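Asks: need a 3D model of the following:
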Amino acid sequence: MPHLPHSKLPIRELQRIRQWHVAHRAEHPLECELWDAVLTLWLMGWVGWLPVYALEDWWLAPVCAVAMMSPRLYVEWRERAHVRHQLRCDWLANQA
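Replies: This next block holds a predicted model:
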C-alpha cells in the first residue's frame, strides 16, 4: 500500500477519497459523514483567514492552521490505525 506524503495532501487525493465515500455511502454512512465533517473543517480553516486578518484576532490563526491540516491529519490517523489492524480503511488500499 503506497504511503501518502506527510507534507501535503493534494486536492486530487481529497477528491478521490470523497468519491470513494460517496460510492460506498450505504455501507459506510458514519465514515462518509465523518469525511464530510473533516472537509467542512478544512474549508472553514481556509475561509477563516480573512476574518482573522481583518479583525486582527491573531489568536485564531493556529485554529485556522490546524483546521487546514485536518484532512491530512485524518488520513494519517486512519492510515496508522489501518496498518495496526485497529481499523479497516478500504479507501487507502485504492491509492494510485
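
Asks: how many residues are close by Pro71?
Replies: Using other CB atoms under 10 Å, Pro71 has 21 other residues around it. Any C-beta I mention is one placed from the backbone N, CA and C, and that applies to glycine too.

Asks: contact partners of the helix or strand of the chain with the lowest mean pLDDT?
Replies: Lowest on mean pLDDT, DSSP states H and E among the helices and strands of the chain sits helix 90-93, with a mean of 75. The contact list for helix 90-93, computed with CB atoms under 8 Å, 6 or more residues apart in numbering, reads 1, 16-17, 20-21, 24, 75, 78-79, 82.

Asks: for the residue nearest to the spatial centre of the chain, give its distance to Leu9.
Replies: Centroid-nearest residue in the chain: Pro71, 1.7 Å away (criterion: CA atoms, centre = their mean). Distance, Pro71 to Leu9, using CB to CB, to the nearest Å: 5 Å.

Asks: same question for Trp49.
Replies: Trp49 is 18 Å from Leu9, by CB to CB.

Asks: between the two, point out the one with more neighbours.
Replies: Leu9 (20 against 15).

Asks: skip the chain neighbours and tell me the closest residue to the more buried one.
Replies: Using CB to CB, 6 or more residues apart in numbering and skipping residues adjacent in sequence, the residue nearest Leu9 is Arg72, 4.3 Å away.

Asks: that'll do, ta.
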